[in-house]
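Chemist: sequence and predicted model, in that order:
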Amino acid sequence: MPIILGFILITSLSKHKFYVSVTDVIHKEEKGEVQVISRLFVDDFQLLLQTRYDKSIRLTPGELDVKTQIFIQQYFDQKFRLDFNGHHQNLTYIGSKFEDDRIVCFFEGKFEGTINDIKVKNTLLIELYETQKNLFHFTRNGNINSLLLIKEKPEGRIQI
């Protein structure tokens, strides 16, 4: 009996899912551009979009309709915020691609000058998953600064 109980415990632990997104922000100062690349698990993001907007949404490679793309922009506008040097940064959704079990969403913005202070708020998927972790990386001139944002601390600041 203890062997069966141990087997059940081990198999249930191995099925535990982790919830994480990774967002990279790259400032190309010479071009005055900001690129944002956000990676989320397809099944998690699809469930979120279905729950929030439309139950019929399917995140399938090559088949993102205009309506789904509008929902992606709306969701990021509400749940992901960047401020550079004290000013809000507007981002425009430019498309997505699929990598294995992840969807990669691309955004861009304009920012002239040097970024010395970054404030980020990232609550992506937290409404569905209490244990969601959102990694944030900011890259400028090959230097990377990172933050881990969670439900209890969804905001962070990087000063360079």
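Modeler: Structure received. All values reported here derive from a predicted model rather than from experimental measurement.
Chemist: for this structure, which segments count as strands?
Modeler: 20-28, 33-41, 80-84, 87-88, 92-99, 102-110, 117-122, 133-140, 143-150, 155-159 (DSSP state E).
Chemist: nearest to residue 73, out of these?
Modeler: Taking C-beta to C-beta, strand 92-99 is the member of those nearest to residue 73, at 4.1 Å. Bear in mind the C-beta positions are built from the backbone N, C-alpha and C, glycine included.
Chemist: touching that closest one from outside, list them.
Modeler: Outside strand 92-99, the residues that touch it by C-beta atoms under 8 Å, 6 or more residues apart in numbering are 39, 42, 59, 61, 64, 69, 72-73, 76, 103-109.
Chemist: in this structure, what helix or strand scores lowest on average pLDDT?
Modeler: Taking mean pLDDT, DSSP states H and E as the measure, the chain has helix 2-14 as its least confident helix or strand, at a mean of 38.
Chemist: can you put the strands of the chain in CSV and add distance to residue 47?
Modeler: Below are the strands of the chain laid out as CSV (distance: least, C-beta to C-beta, whole Å):
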stretch, distance to residue 47
strand 20-28, 14
strand 33-41, 10
strand 80-84, 18
strand 87-88, 29
strand 92-99, 16
strand 102-110, 12
strand 117-122, 18
strand 133-140, 17
strand 143-150, 19
strand 155-159, 25
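Chemist: residues in contact with residue 130?
Modeler: residue 151.
Chemist: for it, give its distance to residue 151.
Modeler: Distance of residue 130 to residue 151, computed by C-beta to C-beta, to the nearest Å: 6 Å.
Chemist: isn't residue 149 up against residue 122?
Modeler: Yes: the criterion here is C-beta atoms under 8 Å, and residue 149 meets it with residue 122 at 4.7 Å.
Chemist: more neighbours, the two?
Modeler: residue 122 (25 against 22; other C-beta atoms under 10 Å).
Chemist: which residues does the spatially closest residue to that one that is not a sequence neighbour bridge with?
Modeler: Excluding the flanking residues, the one nearest residue 122 by C-beta to C-beta, 6 or more residues apart in numbering is residue 134, at 4.3 Å. Counting by DSSP bridges, residue 134 is bridged to residue 21, residue 149.
Chemist: I'd say residue 43 and residue 100 touch.
Modeler: No: if you go by C-beta under 8 Å, residue 43 and residue 100 don't touch, sitting 11.8 Å apart.
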